[in-house]
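In: Based on what follows, work out the 3D shape:
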Amino acid sequence: MPRSRIAFACLAALLALTAGCGSEPSASVDTAALDPGNYPSAPRDLSALRTADSGAVRESIRLGGLVPLPMDLDSRLVYGRTNFAGHHYTARNPPYRGSGISNLENFGEQVPGLVAGWHTGGSRRVSRNLGLDVSVALLRFTTPEQATHAMHVLADKGIEKYPPKQTLEIPGYPTGRTYLSTYDSVQSWTAQGDYLLWAFVSDGLATPPDPAPLLTVAKKLFDRQFELLDGFTPTPINDLADTPVDDLLARTLAAERPGTLDDVTGVYTVPTALHLESRPDLTRRAFEDAAVDLIAYAGTRVYRAGDSAGAARLTAALAAQVPPGYDPIAGPPGLPDTRCFREDPGPPQSARIILEHRCYFSYDRYVAEVTAHQPQDLAQRASAQYLLLAHGSAG
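Out: The predicted structure is shown next:
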């Protein structure tokens, strides 16, 4: 049986098993005995996020909720993109050279007017070269003229660096810049209104190579994306700093590298959050079972389930999805129901020194995911995160 089917079957069985016991009370936690070290144990002030830069990130997260998941275009595309932390683009952190959509050294100088953006992708198998693979980026600009300018600059630079075999056209999008690459992939930059949509569709196992099915996938993506944008009301640029920040974010630990492209700080709806998952199909099932509506991302993650029983089931489901190469370890002192794992160091002759440690636990209707590179730091971060959730009422 393929690994993807095994994983899905295991998750389904796990959800069924935990459905009857999710409402059981967790072991009592003596909060006075927890050691958060120097990490905060009370919700933080979010006023520092009331800036135009942070507002642009929040607008990017809103856009992310409109970008179609590749698996919703083709149900076989169940492997997501986790080779980067942040999926957002802003004027402060625009597409970098070699990101697919861009091969520019100085994006902002050559392509002005970027407000917000989102990128994602999905593939049929873990290795993107083994079958159908789709990469997507959606950028919002200040004006339609800037979006069109960006389309031409980015396409010109792209085909200069990687000369295509021929020009193509996605049916219904004659003004787009679409090409068949040297390796028989379809790549397109298409502007519409204030938005620029980029797509790269490939199938490394297609024999013989045929652009027609790739164009069909691209058209399905473009049709769906622009349909969703028709119902979207963008935040006026002057109002970005004032966009709301859900208080759930105050109950996470702050990001370690704030303001960078790796900083994913924000409160995500389920459609946006699924872009950050390695197996969005399995995670969507777990979210639906637990009635998750919001996920706060920062230095830790907090998932809000429908109730405490759902949170218990979600904890088990997330632990079941820990990728291969992680071994179960004991939880931090004082947190008996925590599910923790450590990255396997590998063979002795090439053992890794820096290993990721991660823990999952629930408190009331909330599930926390905490990571660190050292066991003591993990224990302190997990203790702090528990205290953050237990402080007053998380609502």
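In: Near residue 236, how many other residues are there?
Out: Neighbours of residue 236 under the rule other Cβ atoms under 10 Å: 8. For glycine as for every other residue, the C-beta is placed from the backbone atoms N, C-alpha and C.
In: and what of the one 5 residues further on?
Out: Residue 241 has 16 neighbouring residues, counting by other Cβ under 10 Å.
In: Next up, the contacts around it.
Out: 50, 51, 52, 54, 55 (Cβ atoms under 8 Å, 6 or more residues apart in numbering).
In: could you redo the last one with a cut-off of 7 Å?
Out: Residue 241 makes contacts with 50, 51, 52, 55, as judged by Cβ atoms under 7 Å, 6 or more residues apart in numbering.
In: Model confidence for the first one, exactly?
Out: Read that as residue 50. Per-residue confidence at residue 50 stands at 93 (pLDDT).
In: how close does the spatially closest residue to it that is not a sequence neighbour sit to residue 32?
Out: Nearest non-adjacent residue to residue 50, counting by Cβ to Cβ, 6 or more residues apart in numbering: residue 241, 5.5 Å away. Distance, residue 241 to residue 32, using Cβ to Cβ, to the nearest Å: 39 Å.
In: again with residue 317
Out: Applying Cβ to Cβ, the value for residue 317 to residue 32 is 31 Å.
In: name the element residue 176 belongs to?
Out: Here residue 176 sits within strand 173-180, counting by DSSP states H and E.
In: and that strand, how far from the chain's centre?
Out: Relative to the chain's own centre, strand 173-180 is displaced by 28 Å; criterion: Cα atoms, centre = their mean, to the nearest Å.
In: Each with direction, which strands does the next helix or strand after it pair with?
Out: Sequence-wise, the next helix or strand downstream of strand 173-180 (DSSP H and E) is strand 186-192. Strand pairing for strand 186-192, determined by DSSP bridges: strand 173-180 (antiparallel), strand 195-203 (antiparallel).
In: Now do strand 186-192: everything it contacts.
Out: With Cβ under 7 Å, 6+ apart as the test, strand 186-192 has contacts from 147-148, 151, 154-155, 168, 170, 173, 176-181, 196-201, 211, 214-215, 218, 222, 226.
In: Which elements pack onto the lengthiest helix in the chain?
Out: Ordering each helix of the chain by length in residues (DSSP state H) puts helix 211-230 first. Secondary-structure packing of helix 211-230 (3 or more Cβ pairs under 7 Å, 6 or more residues apart in numbering; DSSP states H and E): helix 70-73, strand 132-141, strand 166-170, strand 186-192, strand 195-203.
In: Dump the C-alpha coordinates for that helix into PDB.
Out: C-alpha atoms of helix 211-230 as PDB (Å, rounded to 0.1, in the frame of the first residue of the first chain):
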ATOM      1  CA  PRO A 211       2.000  20.700 -22.600                       C
ATOM      2  CA  ALA A 212      -1.800  20.300 -23.100                       C
ATOM      3  CA  PRO A 213      -2.600  18.700 -19.700                       C
ATOM      4  CA  LEU A 214      -0.300  21.200 -18.000                       C
ATOM      5  CA  LEU A 215      -2.200  24.100 -19.700                       C
ATOM      6  CA  THR A 216      -5.500  22.500 -18.500                       C
ATOM      7  CA  VAL A 217      -4.200  22.600 -14.900                       C
ATOM      8  CA  ALA A 218      -3.000  26.200 -15.300                       C
ATOM      9  CA  LYS A 219      -6.300  27.300 -16.700                       C
ATOM     10  CA  LYS A 220      -8.200  25.700 -13.800                       C
ATOM     11  CA  LEU A 221      -5.900  27.500 -11.400                       C
ATOM     12  CA  PHE A 222      -6.300  30.900 -13.200                       C
ATOM     13  CA  ASP A 223     -10.100  30.600 -13.500                       C
ATOM     14  CA  ARG A 224     -10.500  29.700  -9.800                       C
ATOM     15  CA  GLN A 225      -8.000  32.300  -8.600                       C
ATOM     16  CA  PHE A 226      -9.500  35.300 -10.500                       C
ATOM     17  CA  GLU A 227     -13.000  34.100  -9.500                       C
ATOM     18  CA  LEU A 228     -12.100  34.200  -5.900                       C
ATOM     19  CA  LEU A 229     -10.500  37.700  -6.300                       C
ATOM     20  CA  ASP A 230     -13.700  39.000  -7.800                       C
END
